[in-house]
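Asker: Attaching a predicted model along with its sequence, questions to come.
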Amino acid sequence: MNVFSKLQQQVIGRLTATVTEVPSLVPANGAINWITEDIGDLASNIARLTKSVGIVGIVMTPGGGRMYDVGIVPISFLCPIEIQVQENVTVNRGDSGTKIAALDLVQFTMLRLHLWSPTGQRITKIQLDDTPFVMVSEYPILTYNTLFNAKLTIA
C-alpha cells in the first residue's frame, strides 16, 4: 500500500476509534461513513451516502505540500490532508438522518486529529493548516473542507 492510502486509512481509523479525550459524535440514525478518494467511483458513493443518511466524510491527500530537503533520499515532505464533509441538510436533519450537522463534524475532526500522530512519534504529528477549514459549497450539498498537514517520508 502506498504511503498516501496508508495515511488516509490511519486517519479514518482515528476518526472511528474510541477516544475518551474526544468522544465520538452519536448519530440519531445510521452512522457517519468515512471514505477515501481511493475507493474508485467517489461521486456515486458520495451521492448514495448523502441520499441515505445525509452526511459523509471523505479523507483525501490532494497533493502539494513542501519538500524538506530537495535532492536527498528518503523523500520527506509536508503532505496536505483534507477532510471533506458533505451534508444533504434536508436528509441529514430529517427523520432518517444522523442529525449531526456538518460544522459539528468539522469541529470533531479538528479536535480528534490535531497533534495526533499516526506513528505515535512527535515528528509525525498531524497539525491543522494555517486555514483550518473552508466552506466549499452551500447548495445543493453543504460542503466543508478541514485542512491538515502531516510529515510524510517515502523511503
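Answerer: Arrived safely.
Asker: Need the three-state assignment for the closest residue to A28 other than its chain neighbours.
Answerer: Nearest-residue entry for A28: K99, 4.1 Å, with adjacent residues in sequence omitted and distances by CB to CB, 6 or more residues apart in numbering. Heads up, the C-betas are built off the backbone N, CA and C, glycines and all. On the three-state scheme (DSSP: H, G, I helix; E, B strand; the rest coil), K99 is labelled coil.
Asker: I figured K99 was touching G30, is that so?
Answerer: No: using CB atoms under 8 Å, K99 is not in contact with G30; the gap is 10.0 Å.
Asker: buried set for stretch 111-125?
Answerer: Using 16 or more other CB atoms under 10 Å as the burial criterion, the residues of stretch 111-125 that qualify are 112-113, 116, 118, 124-125.
Asker: Where in the protein is the helix or strand with the lowest mean pLDDT?
Answerer: Evaluated with mean pLDDT, DSSP states H and E, the helix-and-strand set of the chain has its lowest mean pLDDT in strand 66-67, which scores a mean of 80.
Asker: Report the strands that pair with whichever helix or strand comes after that one, each with its relative direction.
Answerer: Secondary structure here is assigned by DSSP states H and E; on that basis, the next helix or strand after strand 66-67 toward the C-terminus is strand 75-87. Its sheet considered, strand 75-87 pairs with strand 55-60 (antiparallel), strand 66-67 (antiparallel), strand 142-154 (antiparallel) by DSSP bridges.
Asker: which of these sits most buried?
Answerer: When these are scored by mean count of other CB atoms under 10 Å, the highest mean neighbour count falls to strand 55-60 (a mean of 24).
Asker: Send me that strand as PDB with only the CA atoms.
Answerer: The C-alpha atoms that make up strand 55-60 are tabulated as PDB, following Å, rounded to 0.1, in the frame of the first residue of the first chain:
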ATOM      1  CA  ILE A  55     -23.800  13.100   5.500                       C
ATOM      2  CA  VAL A  56     -20.400  11.700   4.600                       C
ATOM      3  CA  GLY A  57     -16.800  12.400   5.400                       C
ATOM      4  CA  ILE A  58     -14.100  12.000   2.700                       C
ATOM      5  CA  VAL A  59     -10.400  11.700   3.600                       C
ATOM      6  CA  MET A  60      -8.100  13.000   0.800                       C
END
